[in-house]
Each structure stands twice: as structure tokens, then as C-alpha cells.
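K.L.:
Provided below are the primary sequence and the corresponding predicted coordinates.
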Amino acid sequence: MKLAYSLVAAALFSGQVMANKAPLKFDDVFDFKYPHATKLAEDGKFLAFSATPYRGNAQGQVYDLTSNTLIATVERGTKAQINRSSTWVAFTQVPTLLESETATKKERKKLANNLVLVNTTTGQQQRFDNVKDYQLSDDGRWLAYREDNKKEEKKDQSTPEKAAIKADKKDTPLTLVVLDLQTNQTQRLENVVAYGLSPAEYGILFSQHDAITANNQVQYLDLNTQAVDSLFNEPGVTVSAIAWHPYSSIVAFNLGNYVNEDKRRRSYDVTLWDANTNKITKVQNPSGWYSAKTAKLKWSEQGQRLYFENRPVLEEKVDVRKYSDEPSLRQFDTIRAQSGLKLWHNHDPEIKPREQHTWKTTNRDRQYQAVYHIESQKVVQLADETVRDVTLNTEADFILGRNNQPYLKKIMYDGFYSDYYAVKVSTGAKGYIVKDSPNRPSLSPSGRHAAYFLNDQLWLKDLHEQKEHAVSKAVRDAIFADDKHDYPEPNPGYGFAGWQLDGSTLYAYSKYDIWAFDSHTGQAKRLTQGKESNTQYRVIKLDNKQVGFDADETLFLSAHNLQNKQTHIATLNLKSGSLKTVLKGAARFDLVKKAKQADKLIFTQQTYHQFPDFWQTTSQFSAPQKITNLNPQVANFAWGQKPELVQYEGYNGEPLQGVLIKPADYTPGQKLPVVIYFYRYMSQRMYDFPKMELNHRPNFPMFTSNGYAIFLPDIRFEIGKPGPSSTQTLINATQKLIDMGVADKNQIGLQGHSWAGYQSAFAVTQTDMFKAVVSGAPVSNMTSAYSGIRLKTGLARQFQYESGQSRIGQPLTAAPDLYIENSPVFFADKVNTPILLMFGDKDGAVPWQEGIQYYLALRRHDKDAIFLQYEGEPHHLKKFPNQVDFSVRMMEYFDHYLRGMPAAQWIKSGKPHRPEE
């Protein structure tokens, strides 16, 4: 561990850059790369990802972990995939950024991707142009891909007649190319709409559609003989999903027919076919149920179970009356059928915008989970209209079921609640766990016990006997209810680590530690010693299919110190109780990947000066090696000094912390311009490498390398007084910076977005301490926002005030004074601070009219206010030009008001509306 520690120390030392380093410019940010779609080979030998700059073309990268070297780069390589035998790394090669940015909307649709294969033995690359999709065999011998024929589609419009049975619009028949990567022999199969390549060397199942005759076929290509056999040959036949058994010659698919043009009501048969025996098995849905086109198929890892989806048979589609002849133009019912009515009724479970949202995203094509047991040939319905959702783990014998339907109305004002059940995979039997719960329970692998948090206690329930008891009551020296939870709702717990595989032990979290609770007696045992060192231990889960822990398993833990903010990695052996810290230092460490079939771990370590590059090690953590060096240019810039923690008091005198980052050339005694960026708790970012992008928040190194200090304070709120408690905390924190001699009291600005946008907008109505404020997407009038709609989700905003983030804790009718007292718009006449407001006019979270209200109130009182409206933008700016524009304006605004630099023209006189067209 001395190696890891020394490397962190070296990075910190080098990060404390000297004054002769260059200040960061906006276009410097464009070049910072982040890894995306990271894949670790199952045998732990290769790592691949797409190194994506903030602005520019991505680069696929492949690393040989045995030699710890970069063996291949792929220009514009994205979406890395590694086949099971690690013989190939595949990348989707996208068009250049220039091609995408200069193409018209119509031209952009014609741009096609390529496929690039990297041979992990030789590093050589093969490129296949215009590829729509692809599949690789596990052994790496076979590649199947469909050619993207977008450019040729227009040429085929001279076809005499289309078939009477048409394929669905998105089911485009394309040419399937099958390539033997050992011999380079290819076979081309035309008009393929769906295909599935077997993991082992069996073959390819594919569905063909003839656009002229509709004489469709479902066929099989034997990879050994190259023979093609037809399994189904009839007009309109089609396949919507294909899933090969992980180890055998059986393939599952959903078989349907385009003859039914109603995609929602078209029935698909879940079908099994054995390529060796030619046996076909139709999986029978329960009576009154069917599988639709969108139904998914998924095998368990060993192939004993096939998970599929289905739904109750729908009522017949009601034809909408339309104008068809002269008399229809005067028919009352036909005329009314053309109205644009949406009827809102008080008895509706959901308000209309929410109902529209859930219909579009979930309910229109809702499928329920079922399973087919291969050995018993038995279908079991796992979810239904009483238990609508299940958390599927294909390896578990019992899974968690949930139903929120009784509480849809309650969501609008009180938050999200559900009833929870234990669902037995072998029979579908459902055992009740807890009703009307805001917190998700944890279910034991045996299905005998469940745990949940209620009334500030951790409860353990015997599901067979339906008996429960609060096991945390007997633990006197631990906190199980989140003591940082400052919302007007029941406190949540700290969560669950998991269960022993036999269900005999529950592992749960207190504020600091991991506890083991005997499932039968409830007896508690502390496994870590976090409380004594102010360290919060949590289990790192790298296998999302793991059902439970073995009795002698060694767990990986994160160890986050709540005082100094360092995050280390530790191991805990459940049998011996041995707890060891294996990665430590003044940094943040994160385990991110574990090889499925090898002792190989990937982790990152980061600080404000050190980018979180990838490192490799084993479970012994004896000789970690750095793999990547994605952003060496950090060393070229005056990044800033080492962040430091500042202590101060909150609204009620509670101790709080903030992170202060000074410029690289700061000298003691120097008083600095300071930009305060905040939201809620921020000090945990002490060792985070700053996000190198331009968006709704300040880019920290951009400011610290250009003469500013950045301060990130923690805020704790008082229920009923979110505005005053935030403002007083900000005043206390800022005064501490002034008292330290770091901040120039005449050069302090605030920047916040969304909830912090509200806080900054409110603060300037109460104090003149801040000399400039940039407020993004703030609520300014709680009385109007209370009954507004979150357009993105269709939810009423009432829950945010009564039980959520806005923390009033009562309905508007019960406490109108609190809504007014916490609303900036009612105190606009008190504002003496220049304020820059920003909104996207398609904000789906905060009605952008809230910004208009505040701006108009400030304007009415002749205050120094500017409003930036970004057209077509949501809650956070998404379009690159707007992200850059706002970042530049933010810097110019603070430069003028905090540093006395000449005002940009838009600050002095705005920007006239003068479109040429």
C-alpha cells in the first residue's frame, strides 16, 4: 500500500501548481476526456472504453492488462464490447463531429455508423462500413451484422406494389452478413428484420420479410454446414425477440404475424426451438394473457429458467369517428369526436399530465414478468395487476414485488409510496411484507425474512409467521435513522448491505458501521469500527446478480471519513471478522469493475488535481498499477491550491463544513474574489476531480486558475424556513471566509441552480453581503409554484413543498404565511445586489414563468436584473452552444461585478431582438 499512497502524494504535490502555469481558457475544457461504456473482459485480460472529450471526436482505447499497455486506438470508437473469449473488442465508429454538426436534419438521418473489430492478440483492426447492428460469438469465430442501407432506400421506390401484409414501420429489412473471422468467408442473407447469433458454434436464427409478397420466413443458418433451413414460412410471420440459451442448442423467440396491424394487440408466441433435435415448444401464456411485440426474453445464467413478459388481453380498439361524407360534417357525435378535450376529474388516480406521462412511458406497452421453468415445463406468473412490478434477479429464488397503485393520488402531495411483497419464483406465490411504505425493503434469499425501515427503526419480519420486531431498538450505541435528513417526511434509514446466502443473517447499515442481525433471534453484531474514527463503511457491490454472501466471503468496502472526507477501500472477511484497509491516502478511491472469471479489479483514485484514471490490482491489493493517463494536460494549468476544509456553524448552531479552493498563486494574507457554489451538502466533494465541462455550474479550475477562490459550503435546512435557514447559513459561512482573511468582503458572489437557484434568489432579498448573484432556474413564488406541474414527469409540485425539497411541510391553505415568507418575489423591492437569472423555456422541473415573475418584479422596482432565456432548453442546458454561451456570460458577469473589469456589452445594454427572417 505504500506504492498507492506514494503515488497519491506525488499527484497532490504535482497538483499544487506554480504561478507560472497557464490559466485555463474555455476552449481548454473541450479537450478533457472521460471514459464511457467501459468494459472489462471476463478473463480480466483486457480493458476497453471510449475516451470522449467534452467537445470533439471520441477515441476507442484497448488496454492489455497483462502487459499494462495500450494496444489499440480507434478513431471515433464508441460503445465498446468484448466477446466472452476476449479475442475481439468491438467499437461502433460514429461519424465525425464535423459531419454531424454540418449536416441538415435530413442529412443527419442518413449518416451511418461503422463497426471496428480489434484483434486482442495482434492489435490489428478490421472495419466494416455502414453497420446497423452486430453480434459476436463467444468463441470469437463468427461475426453477424446488418448493413445499414439508408442511402439505397430511396432508389427502390419503383417497386410495383407493396405487399398486403406490411411490416411495422421500424422493422426495416436489411442485408445480414455472416462472416467467419478465421477464414474470412461470408454469407449474405437478404431482407432480415431480426436475428440472433448463438453464443456457441450452433447457428443464427433470423426473420426475413419480403416487402413484395409478404411471404415471410423464420429461418436457421447452421454455422457448421452453412445450410439454411426454414422453420416457419407463411405470409406475415415475424419475430420480435431472440434469446439463445447460454450453453445449449436451444433458442427462444417471440413469434408473431404482421397480419394484425395493431401492434399493441398483436399476440406473439413465446417459442423454444432446439437446433439439434428440431423440437419446437410453444410456451403457453395463462388464460387471458398474451405476449406483445415489446415483450423481452432473458435466460438465467445456467439456463434453467426463461424469463419472459406478457400482459392481459386488451379490449378491442375503439374506432374514432372521422369526417367521411357530407352528412358526417353535421353529425353531432362526429363533430365532438374531433375536439381536443382532456378531462381532469377529482377521482382520477393521477392528474392528467401525469397520466399522459405514465401512459406514454410505461402503461401503454406495460408488460408483466413471467418465467418458464425448463425442467418442469411450467409457466409461473410473477407480476400481475395486483403486484405490478418486480425487481428481477434471474439467479434469485425469491424476488421483491411492488405495487404503487393505491397511492397514485398521494404521490402528488406526499411523495412515493408502495406495498411490497415477496414473490416465489418457482410458484408465483406472493407474501406480504409491508404496506404504504416510502422505503424499499430488503428480501432474504430464502424468502423467509424481510427487513424494512419504519418509524426510525430497522424492522425484521418473519414472512412465514407474519411477525416483525424492531431489531435496532436493542442497539443503543448506533444511529440507524439518517440524521442528515432535513425534509418534512419520515426519516429513511441508511440502507441494507445484503444477506447471507442461506438467509440466516441480515447485513444493515448504521450511520457509521455495518451490522449483522441474526434473522431468527434479531441479535446484533457490529462488524466494523467506523464510529470511533468517524468513518462510514459501506459494501461495494460489483456483481448485480449476486443473490447473497457466502458465510466466509470477503467483502469490498468503501470507507468514507465524514470529517476529513477521504474515501478509502477496505476488505471485510465475514467468517474471521478481519477488517483491513487496502487502499488509502489523501484521496478518493472507488472500485469500479471486477472480472467475472478472474481475480482482477479496476479502481480509480482522484483528488482535485488528479483525474480518476483507471488502475488495476487483485483482491490482495499488493501491487496496484496505473493503466490510463487520459488528461496529462492538467499539469499545464494553474489548477489551484490543494482544497481545504473550513468549519462554521449552521442556522441552529450545528457544525458544518465547506471546501475552499484558492488560486494557485495565492499568498497568505491576500484577499480574494470568491464565487460560492452550493446546493445542500457539498463538503463530500473535497477529493473529487472537478467535472471538466461547461454547463449550468461554474467550472472550478476555470475560476481558480483565473484569480478566484471557489467555496462549496454545506447547507442544512429548517423545515418551514428553507429560505431563512439557507441564507443565515450562507452568511455564517461567508463571514468565516472574511474572518480568515481569505475573502474580500466586496468581491463575493453566489451561483446556484434549481434548488440552489432558489436559495440564491432568496438570499439577496435578505442580505447585501453578496455583490453579484447568478441564479439558474429558481422558484421565486412558492404560492404559484406549489400547484404548478413538473412538465417532464407530469407530477404536481405540491409534494415538493409538503414533504420534499422545498421543505414547507404544510399545504398552502394551512400555512400561506410560510409560502410568502420563503418566496423571493414578495421581497423584490429589498434587493440591492445585481442578479443574473437563467432559464430554459422548456424547463420540465421548474415552470420557467417563475423566472419571469421574479425578473418582472425586480424590473418593476428598477433593480439591476438580467434574464437569460435559452430557447428550447430543459432544466439543465443540453445544447452545446448554450452551455458555452452561459458559461462565458457567467464569467463575464462575475468578472465585472466582483473584479471590476469592464462590463461586456450585453451587461450594459442587453441584446436587441433583430432577426432577419
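P.N.:
Perfect, thanks for sending it. Numbering: from 1, shown residues only.

K.L.:
can we go C-alpha only for contacts and neighbour counts from here?
P.N.:
OK.

K.L.:
What is the least confident helix or strand in this structure?
P.N.:
Averaged element by element with mean pLDDT, DSSP states H and E, the chain has its least confident helix or strand at helix 2-15 (a mean of 39).

K.L.:
list the contacts for Tyr407?
P.N.:
With contact taken as Cα atoms under 8 Å, 6 or more residues apart in numbering, Tyr407 is in contact with Phe416, Tyr417, Ser418, Asp436.

K.L.:
Mind pulling the model confidence for the residue nearest to Glu892 when sequence neighbours are not counted?
P.N.:
Counting by Cα to Cα, 6 or more residues apart in numbering, Ala904 is the residue found nearest to Glu892 once chain neighbours are left out, at 6.7 Å. Per-residue pLDDT puts Ala904 at 97.

K.L.:
how far away is Pro612 from Val74?
P.N.:
Computed as Cα to Cα, to the nearest Å, the Pro612 to Val74 distance reads 22 Å.

K.L.:
Next: Phe826.
P.N.:
57 Å.

K.L.:
And Phe206, by the same measure?
P.N.:
30 Å.

K.L.:
Of these two, give the one with the bigger neighbour count.
P.N.:
Taking other Cα atoms under 10 Å, Phe206 and Val74 do not tie; Phe206 has more neighbours (24 against 21).

K.L.:
Could you confirm the more buried one falls within a strand?
P.N.:
Yes - the assignment for Phe206, made by DSSP: H, G, I helix; E, B strand; the rest coil, places it in a strand.

K.L.:
In contact with the nearest residue to it once chain neighbours are set aside: list those residues for me.
P.N.:
Nearest residue to Phe206, sequence neighbours excluded (Cα to Cα, 6+ apart): Tyr195, at 4.0 Å. Contact analysis of Tyr195 by Cα under 8 Å, 6+ apart lists Ile204, Leu205, Phe206, Ser207, Ile242.

K.L.:
The third one bridge partners, please.
P.N.:
To tie it back to what came earlier, the one meant is Phe206. Beta bridges link Phe206 to Tyr195, Gln219, judged by DSSP bridges.

K.L.:
ok, and the most crowded of the contacts of Tyr195?
P.N.:
Busiest of those [other Cα under 10 Å] is Leu205, holding 28 neighbours.

K.L.:
How many neighbouring residues does the closest residue to it other than its chain neighbours have?
P.N.:
For Leu205, ignoring the flanking residues on the chain, the nearest one in space by Cα to Cα, 6+ apart is Tyr220 at 4.6 Å. Using other Cα under 10 Å, Tyr220 has 22 other residues around it.

K.L.:
do the same with the one 5 residues further on
P.N.:
The burial metric for Thr225, expressed as a neighbour count using other Cα under 10 Å, is 9.

K.L.:
For it, identify the helix or strand it belongs to.
P.N.:
In this assignment (DSSP states H and E), Thr225 forms part of neither any helix nor any strand.

K.L.:
Give the phi and psi angles for it, as a check.
P.N.:
Note on Thr225: its backbone torsions stand at phi -100, psi -10 [degrees, to the nearest 10].

K.L.:
any idea how far stretch 615-628 is from the chain center?
P.N.:
Averaging C-alpha positions (Cα atoms, centre = their mean, to the nearest Å) puts stretch 615-628 27 Å from its chain's average.

K.L.:
I'd like the contacts of Tyr407 as a markdown table, with pLDDT and neighbour count appended.
P.N.:
Below are these laid out as a markdown table (pLDDT from 0 to 100; neighbours: other Cα atoms under 10 Å):
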| residue | pLDDT | neighbour count |
| --- | --- | --- |
| Phe416 | 95 | 17 |
| Tyr417 | 96 | 21 |
| Ser418 | 97 | 20 |
| Asp436 | 96 | 14 |
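
K.L.:
In strands, which of the residues you listed fall?
P.N.:
Among the contacts of Tyr407, the residues falling in strands (DSSP state E) are Ser418, Asp436.

K.L.:
my read: Gln369 touches Gln381, true?
P.N.:
Yes - counting by Cα atoms under 8 Å, Gln369 does reach Gln381; the two are 6.7 Å apart.

K.L.:
And the helices in the stretch 301-450 of the chain?
P.N.:
Per DSSP state H, counting those that start in this stretch, the stretch 301-450 of the chain carries helices over the ranges 332-337, 352-358, 408-414.

K.L.:
hmm, back to that, contact partners for the residue nearest to Leu205?
P.N.:
Tyr220 sits in contact with Gly203, Ile204, Leu205, Phe206, Val228, Asp229, Ser230, Leu231, where contact means Cα under 8 Å, 6+ apart.

K.L.:
That one and Ala194, how far apart?
P.N.:
12 Å.

K.L.:
Now for these two: what residues contact both?
P.N.:
Taking Cα under 8 Å, 6+ apart as the contact rule, Tyr220 and Ala194 both touch Phe206.

K.L.:
Which stretches in the stretch 51-200 of the chain count as helices?
P.N.:
Secondary structure of the stretch 51-200 of the chain (DSSP H, counting those that start in this stretch): helices at 97-102, 105-110, 150-153.

K.L.:
Redo those helices as CSV? Include mean pLDDT.
P.N.:
Shown next, in CSV, are these (pLDDT from 0 to 100):
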stretch, mean pLDDT
helix 97-102, 97
helix 105-110, 93
helix 150-153, 53
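
K.L.:
right, and those helices - which one's nearest Lys879?
P.N.:
Lys879 sits nearest to helix 97-102 of all the helices of the stretch 51-200 of the chain, at 11.9 Å, using Cα to Cα.

K.L.:
For the closest one, buried residues please.
P.N.:
By 16 or more other Cα atoms under 10 Å, helix 97-102 has no buried positions at all.

K.L.:
And the longest helix that the chain contains, how far out from the chain middle?
P.N.:
Longest helix in the chain, counting residues (DSSP state H): helix 880-899. Distance of helix 880-899 from the chain centroid (Cα atoms, centre = their mean) equals 28 Å.

K.L.:
related to what we said a few turns ago, list the contacts for the residue nearest to Glu892?
P.N.:
Ala904 neighbours (Cα under 8 Å, 6+ apart): Glu892, Tyr893, His896.

K.L.:
are any of those buried, and which?
P.N.:
Buried, going by 16+ other Cα under 10 Å: Glu892, Tyr893, out of these.

K.L.:
would you list the contacts of Ala904 in a markdown table and tack on pLDDT?
P.N.:
Shown next, in a markdown table, are the contacts of Ala904 (pLDDT from 0 to 100):
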| residue | pLDDT |
| --- | --- |
| Glu892 | 98 |
| Tyr893 | 98 |
| His896 | 98 |
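
K.L.:
ok, so of the contacts of Ala904, who is nearest Thr667?
P.N.:
Of all the contacts of Ala904, Thr667 sits closest to His896, with 23.2 Å by Cα to Cα.

K.L.:
Could you find the closest non-adjacent residue to the closest one?
P.N.:
Counting by Cα to Cα, 6+ apart, the residue nearest His896 is Ala903, at 5.4 Å.
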